[in-house]
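Chemist: I would like the atomic coordinates for the input below:
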Amino acid sequence: MTATLPTATPAAPERAAGLGLLRLALRSRRLALGLGVLAVFALTAVIGPWLAGDPDAVSVDLGQAPSGAHWLGTTQTGQDVFAQLVVSARGTLVIGAAAAVIATVVSVVIGIGGGFLGGVADETLSLISNVFLVIPGLPLVIVVAAYVKGDGVLSTVLVIALTSWAASARVLRAQTLSLRGRDYVLAARVYGEKRWRIVLVEILPNELAIIVSQFIHAVIFAVLTQAGLAFLGLADPAYLTWGTMLYFAQNAEALTGGAWWWFVPPGLCIALLGAALSLVSFGLDEVLDPRLRTRRPRKGAR
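Modeler: Numbering: from 1, shown residues only. Have a look, this model is predicted:
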């Protein structure tokens with residue numbers, strides 16, 4: 001009898017590469033710091049509203065500075081700023097994530113779809129992308145938000161997503177045009193693979209890093225845009241976010257009145273969230289792009 005030698009499975013190199021990326025991710029300080037801050041915000045958004053109390057409850061302490069009874073002071077109507085800040089975290093993250101998901105899905109469909117199909121479909125989708133790129137983003141957001149004002153949170157999410165997908169679609173289209181001429185894509189076409197399977201198996205995984213990066217930037221754009229719309233009074237004031245807190249603080253002249261505890265915390269949270277998302281993006285770039293990895297000298301080496 002002849003003994004059969006064990007052969008290495010094709011999944012072994014992929015598993016080793018995955019473990020290597022995981023080790024690099026665990027060693028990335030930027031990624032760890034960014035994920036830590038995001039975890040704090042996410043935990044606050046999930047369980048915070050049940051612990052902070054009713055943000056609309058009023059008290060006799062009108063416009064009070066931070067104290068033991070009110071950690072971040074009160075508004076001019078006696079509402080607790082800390083409770084509003086905690087509850088607003090959920091609204092801000094929900095709008096940011098929802099708008100980013102919609103914008104990313106649209107950019108993937110238009111960018112990868114047009115780049116892979118080519119021909120008339122690519123020209124039509126590219127024309128649509130160029131139109132949205134040419135129109136100034138901020139005026140478009142303001143005009144559309146003013147038109148649909150009062151239609152709820154969904155309208156705000158759709159307005160932000162509508163104005164934030166075009167640039168990502170152009171990036172994905174350019175990458176798809178480069179990938180569709182690779183040998184493994186041409187081989188899949190020769191073997192008669194269906195188009196949807198070539199896109200999902202051969203092209204989409206190679207653009208996953210770009211998609212994740214574009215999603216993170218879409219979240220940052222959505223949070224900042226929502227805060228700007230709310231500050232201008234173009235968002236639903238009944239839905240608490242950090243932007244609506246700034247809107248109410250501005251209307252009450254908190255800045256001129258010296259009520260810093262009303263507008264500084266939401267502004268600081270917006271800045272921290274944007275910084276954390278940027279750190280995650282930079283950390284993922286270092287992990288996924290070998291050219292950005294920094295080699296650390298070993299201990300004892302000169």
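
Chemist: wait, doesn't Glu207 sit right on Phe116?
Modeler: No. Using CB atoms under 8 Å, Glu207 is not in contact with Phe116; the gap is 10.8 Å. For the C-beta atoms, the positions are set from N, CA and C on the backbone; glycine is no exception.

Chemist: residues shared between the contacts of the two?
Modeler: Common neighbours of Glu207 and Phe116 (criterion: CB atoms under 8 Å, 6 or more residues apart in numbering): Thr176.

Chemist: which residues in the stretch 51-200 of the chain form helices?
Modeler: 81-117, 119-134, 137-147, 153-162, 166-179, 183-190, 195-197 (DSSP state H, counting those that start in this stretch).

Chemist: wait, doesn't Gln226 sit right on Thr92?
Modeler: Yes. Between Gln226 and Thr92 there is a contact at 7.0 Å, judged by CB under 8 Å.

Chemist: overlap in contacts, these two.
Modeler: Residues touching both Gln226 and Thr92 (CB under 8 Å, 6+ apart) are 241, 243.

Chemist: give me the contact list for whichever strand or helix holds Ala39.
Modeler: Ala39 is part of helix 29-52 when elements are defined by DSSP states H and E. Residues from elsewhere that reach helix 29-52 (CB under 8 Å, 6+ apart): 25-26, 80, 82-83, 86-87, 89-90, 92-94, 269, 272-273, 275-284, 286-287.

Chemist: selecting buried members of those in ChimeraX, what would you type?
Modeler: A single ChimeraX command is used to select the members of the contacts of helix 29-52 judged buried by 16 or more other CB atoms under 10 Å:
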select :25,80,82,83,86,87,89,90,92,93,269,273,276,277,279,280,281,282,283,284,286,287
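
Chemist: now do the SS call for Ala235.
Modeler: Following DSSP: H, G, I helix; E, B strand; the rest coil, the label given to Ala235 is coil.

Chemist: how about the contacts made by it?
Modeler: 145, 156, 226, 229, 241, 243-244, 247.

Chemist: point out the least confident one among those residues.
Modeler: Minimum pLDDT across the contacts of Ala235 is recorded for Ala145, with 80.

Chemist: apart from its neighbours in sequence, what residue is nearest that one?
Modeler: Leaving aside its sequence neighbours, Ala145 sits nearest to Leu234 (CB to CB, 6 or more residues apart in numbering; 4.2 Å).

Chemist: so where is the stretch 151-300 of the chain shaky, pLDDT-wise?
Modeler: Scanning the stretch 151-300 of the chain for pLDDT under 70 picks out 151, 289-300.

Chemist: the residue most central in space within the chain and Gly113, how far apart?
Modeler: Nearest residue to the geometric centre of the chain (CA atoms, centre = their mean): Val219, 2.3 Å. Val219 is 23 Å from Gly113, where distance means CB to CB, to the nearest Å.

Chemist: apart from its neighbours in sequence, what residue is nearest Ile198?
Modeler: The shortest distance from Ile198 to any non-neighbouring residue, by CB to CB, 6+ apart, is to Ala188 (5.0 Å).

Chemist: please apply the same query to Val141.
Modeler: Nearest non-adjacent residue to Val141 (CB to CB, 6+ apart): Thr163, at 5.1 Å.

Chemist: contacting residues for the nearest residue to Ala222 once chain neighbours are set aside?
Modeler: Nearest residue to Ala222, sequence neighbours excluded (CB to CB, 6+ apart): Ala99, at 3.8 Å. Each residue near Ala99 by CB under 8 Å, 6+ apart is listed here: 156-158, 160-161, 164, 218-219, 222, 225-226.

Chemist: one step back: right, so the helices of the stretch 51-200 of the chain: which one is the most enclosed?
Modeler: Counting by mean count of other CB atoms under 10 Å, helix 81-117 has the highest mean neighbour count of the helices of the stretch 51-200 of the chain, with a mean of 22.
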